[in-house]
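Asker: Requesting a structural model of the entry that follows:
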Amino acid sequence: MKERRNGGDVHRRLAWTLLIAMLVVLLVLQAVGVMGWSLFDVVVAGALLGVVGCVARLISRSVRGPVYRAATGVALGTAVLLVWSNLAVGLIGSERNPANLVYGGVIVIGLIGAGLARLLPEGMARVMVATALAQVVVPLVALIGGVGVAGPVSMVDVIMVTALFATLWLIAARLFGMAARWSAQERLAA
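Answerer: A predicted model of the protein is given here:
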């Protein structure tokens, strides 16, 4: 028996969209009540996830290679985690520490680099390495600028978080490098 391709897809997408929308509303209501989020916090989180979801969808539709998709997933996930954690609790001291604003530069380097690399895997590998280096430089700039760690967060905590994010950026770089080699081999075979 043949399944109606278009009709089945539309109904399945609609069902998943409704389910996800209901879960998001439930999670937002829980977060606002428990975590004390403001409406602005909810809007920022929704916008952040919406933009990343749209970018991920565009990439998944336009790129054939699974390694490139994985690299994009790691890079986008790292960016979301960086922005979200920085806004929520701050990475250097509290979220109110002005040193945390410098982490925006890490994201800007990634975005500008991706544009200059035209999202090609070879260039994206280099961009991710540059982003990892920027991630490491931020706490150094904060420390030298005298707006470093204050409160219950120690320098060891900042170093560990920096190492985590730098490692994630480097994993994305490695995956983009693998995607570049895979793409080159595919071109040679064609």
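
Asker: Where does pLDDT dip in this protein?
Answerer: For the chain, applying pLDDT under 70 flags the ranges 1-11, 14-15, 18-19, 21-22, 25-26, 29, 31-39, 148-153, 190.

Asker: how about 90 then?
Answerer: Under the criterion pLDDT under 90, the flagged ranges of the chain are 1-65, 84, 87-102, 139-159, 182-190.

Asker: Can you classify residue 96 as helix, strand or coil?
Answerer: At residue 96 the chain is in coil, as set by DSSP: H, G, I helix; E, B strand; the rest coil.

Asker: ok, it to residue 87 distance?
Answerer: For residue 96, the distance to residue 87 equals 11 Å [C-beta to C-beta, to the nearest Å]. Yep, even glycine has a C-beta here, placed from its N, CA and C like the rest.

Asker: again, but for residue 24
Answerer: From residue 24 over to residue 87 the distance is 18 Å, taken as C-beta to C-beta.

Asker: now residue 78
Answerer: Going from residue 78 to residue 87 by C-beta to C-beta gives 15 Å.

Asker: Okay, domains of this protein per the record?
Answerer: Recorded structural domains for the chain (assignment: automatic domain parsing) are 1-37, 39-189.

Asker: mind putting the ones you listed in JSON lines, mean neighbour count included?
Answerer: Formatted as JSON lines, these follow (neighbours: other C-beta atoms under 10 Å):
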{"stretch": "domain 1-37", "mean neighbour count": "10"}
{"stretch": "domain 39-189", "mean neighbour count": "16"}
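
Asker: Look up the closest residue to residue 136, ignoring the ones flanking it.
Answerer: In this structure, residue 136 finds its nearest non-sequential neighbour in residue 166, 5.4 Å apart by C-beta to C-beta, 6 or more residues apart in numbering.
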